[in-house]
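**Q** Fold the following.
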Amino acid sequence: MLTLIGFHTFTMYYMFTFDEIIGLLNDFIHYCKTNNNLRIYPNGEPRIMTLPNGTSRIVGPDWETKYLGRNMGVKWKFKLLYPQPRYKGYRVEVEINPQFLLGNDDYCAISSESHLPGTVKEYNSFAKKISPNLPKFADYTMNRVDYCGNFDGEEMELPCTPEQLLELQKQAFIPFHYTEKKIESRTSKRMVSYKNSFYLESDSITINIYRKQAELKENHPNRLDDIKRAENLSRFEIQYGGHMMYHLKREINDGMKPWEQHDFAVTKRLLSDGVAKAVISKYFKKMLMTNDYITFQETIEKIESCGFRQPRRDRLINALRLVKKHGGIENAKQYLKENMGNVVGFLDTVKELDGLGINPVTIPRRWNIPFIPNLLKHYDFMTGSGIFASCESISHKDSS
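**A** I've put the predicted structure just below:
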């Protein structure tokens, strides 16, 4: 079953001294010369770094590993931050995809906390073959997790295609401090949304909603079996790092007993099902809200059946019309901002509609589809996970 909420990759780091890294780098070079599955390359050119005392020093390039054949699920990067011999200024990052590390050659599947014990074992075994100086899994510090929800339309018996679902999702609310990443159109030369994804960025979090099959066709066109399996697969992905990861780790630490507070305990917590579901739930509800998609006419009928006084009824219906006319919440917000100067009332009404059980984004009449379930709510119904009604809280500060 492809439908799952969890994560697909994560990145950890460990700090070395400038002198220590030389031996480790030599071990990698020796391993790559004697094995045909991995290579290590310089990333960039030697450069000049200025020390705090004002002196300068020529340092070598950063390094990174690449696969020669199949994806083995683990890659390393060597990054020089501070070139003092006895100072821990060299960071080694390791990026892990548990599915591939565990031998599951699958670009569609994602992982959950049940995969962690095997991941730890396989990583330590692989690292030991390369160098006795490589840290064990438990010694690393987490600095990024790519949480994601896999939603397979066939498994979930959705009445729409992934293309139709993405069209509705692109009409979602864009949280404050996020911007949509766009691409220049070859014909109009204007910046337009990606055809097969809805990609948002902030300082430390990236949100990407996309059709998995289209992504595989673009990036892995030879993976024909995976492309076929991904035909109905939609992915909601949160790349969680930077200062937001720092706040999340601090919150986890604060909830632990003093003797429990160590990096591996935090890592296990970050890769737990509870945290993955909490992260996905938080941002899903923030953008795509909590209600099913229905037709515009049905939303009007729902509002009129509530018996509201005319000013409130008109305000709610006008907000729905703005969203429909301008092709989404964000477009309606931009229209009002440019023409009225104030969008607070509109956004308050959008939240009010959601609280009334009405999704402001509606299904086009031409589709002849009366109803498309909210993916998160439907996932909860399918799995009995409780993620929708009472998901574990993430209470750290969030500027978004």
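**Q** need the contact list for the residue nearest to residue 184 when sequence neighbours are not counted.
**A** With sequence-adjacent residues excluded and distances taken as Cβ to Cβ, 6 or more residues apart in numbering, residue 184 is closest to residue 191, at 5.8 Å. In short, each C-beta sits where N, CA and C put it, glycine included. For residue 191, the contacting residues are 182-185, by Cβ atoms under 8 Å, 6 or more residues apart in numbering.
**Q** now residue 197
**A** Residue 197 neighbours (Cβ under 8 Å, 6+ apart): 166, 208-211, 214-215.
**Q** Among these, name the ones in strands.
**A** Residues of these located in strands (DSSP state E): 208-211.
**Q** Looking at those, which is nearest residue 91?
**A** residue 208 (25.6 Å; Cβ to Cβ).
**Q** Of the contacts of residue 191, which one scores lowest on pLDDT?
**A** Ranked by pLDDT, those bottom out at residue 185 (76).
**Q** my read: that one touches residue 193, true?
**A** No: judged on Cβ atoms under 8 Å, residue 185 makes no contact with residue 193 at a distance of 10.0 Å.
**Q** neighbour-wise, which of these two wins?
**A** Neighbours per residue (other Cβ atoms under 10 Å) separate residue 185 from residue 193, with residue 193 holding more: 14 against 11.
**Q** Is that one bridged to anything, and to what?
**A** residue 182 (DSSP bridges).
**Q** which residues does it contact?
**A** 170, 180, 182-183.
**Q** Run through the stretch 151-300 of the chain and note the low-pLDDT ranges.
**A** Applying pLDDT under 70 to the stretch 151-300 of the chain flags residues 259-261.
**Q** at 80 instead, please
**A** Where the stretch 151-300 of the chain drops to pLDDT under 80, the residues are 185-189, 255-262.
**Q** Just want the phi and psi numbers for the nearest residue to residue 5 once chain neighbours are set aside.
**A** Spatial nearest neighbour of residue 5, excluding adjacent residues (Cβ to Cβ, 6+ apart): residue 149 at 4.7 Å. Torsion angles at residue 149 (phi, psi; degrees, to the nearest 10) stand at phi -110, psi 120.
**Q** same check, this time on residue 5
**A** Residue 5 adopts backbone torsions of phi -110, psi 120, taken as degrees, to the nearest 10.
**Q** mind listing what it touches?
**A** Residues near residue 5 by Cβ under 8 Å, 6+ apart: 112, 147-150, 273, 276-277, 280, 379, 385, 387.
**Q** So among those residues, which ones count as buried?
**A** For the contacts of residue 5, a burial check counting by 16 or more other Cβ atoms under 10 Å picks out 112, 147-150, 273, 276-277, 280, 379, 385, 387.
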